[in-house]
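Chemist: starting from these lines, generate the structure:
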Amino acid sequence: MMSRRTHIAAIAIAISAVIVLGATRAIATDDGYKLVVHPDNPVSEVDRDFVRDAFLKKALEWPNGQTIRPVDLSDSFPAHDRFARTMLRKTPSQLKSYWNQQIFSGKGVPPPSADTTAAMIAYVLANPGALGYLPSDANPGSLKVVGVR
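Modeler: As a prediction, this is how the structure comes out:
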């Protein structure tokens with residue numbers, strides 16, 4: 001039979017585990033940004049590798065044949081760092097180096113950069129093939145937020 005003290009300790013450990021697992025799940029599901037597309041884009045979910053390839057300009061078209069127009073947030077946003085690390089699997093300095101190599105070799109230029117969330121929203125609204133991201137707490141307005149699988 002379990003003593004009262006042991007029973008209380010077991011309950012405390014169980015509660016702590018639930019709290020830790022809940023916090024881990026919250027961190028894993030909220031990367032600090034949300035992907036956004038033009039409201040007319042038929043896509044509701046994208047593959048993580050597709051997004052990475054789009055932002056590194058290795059994928060050039062949406063499944064419907066429309067040109068992908070990625071747009072980045074400026075590096076003054078914490079979401080920029082999180083996006084680079086989690087979605088592109090590069091540190092900001094690795095991303096800068098990647099684009100310097102692309103520019104130097106004549107292979108391409110980086111996506112345009114938005115200095116404000118309003119500029120990001122305006123760019124995506126003006127470009128039906130646009131793919132961007134906003135800080136998770138930003139209001140996307142009429143943009144469509146897409147899921148990532």
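Chemist: domains for this protein, by residue range?
Modeler: Domain assignment for the chain by automatic domain parsing gives 1-30, 32-148.
Chemist: and the longest one, average pLDDT?
Modeler: Yep, that's domain 32-148 we're talking about. Averaging pLDDT along domain 32-148 yields 97.
Chemist: endpoint to endpoint, it covers what distance?
Modeler: Distance between the two ends of domain 32-148: 13 Å, counting by Cα to Cα, to the nearest Å.
Chemist: kindly compare burial across the domains of the chain and name the winner.
Modeler: Sort the domains of the chain by mean neighbour count, taking mean count of other Cβ atoms under 10 Å, and domain 32-148 sits at the top with a mean of 16. Where C-beta positions appear, they are placed from N, C-alpha and C, glycine not excepted.
Chemist: would you confirm that L88 contacts D53?
Modeler: No - between L88 and D53 there is no contact under Cβ atoms under 8 Å: 9.7 Å.
Chemist: joint contacts of those two?
Modeler: With contacts defined as Cβ atoms under 8 Å, 6 or more residues apart in numbering, no residue is shared by L88 and D53.
Chemist: so which residues of the protein form strands?
Modeler: Listed from the start of the chain, the chain has strands (DSSP state E) covering 33-37, 45-46, 69-70, 72-73, 113-114, 130-135, 144-148.
Chemist: partners of the fourth one, with directions?
Modeler: The strands that strand 72-73 pairs with in its sheet are strand 113-114 (parallel) (by DSSP bridges).
Chemist: now do the longest one
Modeler: Each strand that strand 130-135 pairs with, and the sense of that pairing, follows from DSSP bridges: strand 33-37 (antiparallel), strand 69-70 (parallel).
Chemist: quick one: which of the ones you listed is nearest K107?
Modeler: Nearest to K107 among these is strand 69-70; the distance by Cβ to Cβ comes to 15.4 Å.
Chemist: and the closest one, how far out from the chain middle?
Modeler: Distance of strand 69-70 from the chain centroid (Cα atoms, centre = their mean, to the nearest Å) equals 14 Å.
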